[in-house]
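[1] need a 3D model of the sequence below.
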Amino acid sequence: MPFIQITIGEGHDEACKRELLTSVSRVASEVTGTPEAAFRVWIVEVPATEVNVGGTILADARARAAR
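    Down below sits the predicted model:
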């Protein structure tokens, strides 16, 4: 059975994460021809203080954007 791990910075709401999980599962099934029931998909959330995007800590970028 295929395993798909999605690692994202914390802060996404539950609706977003649910949509991400179901969409990834559906598309992976369509692309590979493997039954969707065979896939295991999960999200690992990383604290925004521990993610660097383009040389900037995600928490810092979010704080600047909120100002």
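[2] low-confidence stretches in the chain?
    For the chain, no stretch is flagged by pLDDT under 70.
[3] can we see that at 90?
    Low-confidence segments of the chain (pLDDT under 90): 1.
[4] select the longest helix from it.
    Counting residues, the longest helix found in the chain (DSSP state H) is helix 14-32.
[5] centre of the chain to it, how far?
    Centroid separation for helix 14-32 versus its chain: 10 Å, with Cα atoms, centre = their mean, to the nearest Å.
[6] what is that helix packed up against?
    Under the contact definition 3 or more Cβ pairs under 8 Å, 6 or more residues apart in numbering; DSSP states H and E, helix 14-32 sits against strand 3-9, strand 40-46. For the C-beta atoms, the positions are set from N, CA and C on the backbone; glycine is no exception.
[7] can I get the CA coordinates of it in PDB?
    Listed next in PDB are the C-alpha coordinates belonging to helix 14-32 (Å, rounded to 0.1, in the frame of the first residue of the first chain):
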ATOM      1  CA  GLU A  14      -9.000  21.800   9.800                       C
ATOM      2  CA  ALA A  15     -11.100  22.400   6.600                       C
ATOM      3  CA  CYS A  16      -7.900  23.100   4.700                       C
ATOM      4  CA  LYS A  17      -6.200  20.000   6.000                       C
ATOM      5  CA  ARG A  18      -9.200  17.800   5.300                       C
ATOM      6  CA  GLU A  19      -9.300  19.000   1.700                       C
ATOM      7  CA  LEU A  20      -5.600  18.500   1.300                       C
ATOM      8  CA  LEU A  21      -5.800  14.900   2.500                       C
ATOM      9  CA  THR A  22      -8.800  13.900   0.400                       C
ATOM     10  CA  SER A  23      -7.500  15.700  -2.700                       C
ATOM     11  CA  VAL A  24      -4.000  14.100  -2.500                       C
ATOM     12  CA  SER A  25      -5.600  10.700  -2.000                       C
ATOM     13  CA  ARG A  26      -7.900  11.100  -5.000                       C
ATOM     14  CA  VAL A  27      -5.300  12.500  -7.300                       C
ATOM     15  CA  ALA A  28      -2.700   9.900  -6.400                       C
ATOM     16  CA  SER A  29      -5.300   7.200  -7.200                       C
ATOM     17  CA  GLU A  30      -6.200   8.800 -10.500                       C
ATOM     18  CA  VAL A  31      -2.600   9.200 -11.600                       C
ATOM     19  CA  THR A  32      -1.300   5.800 -10.500                       C
END
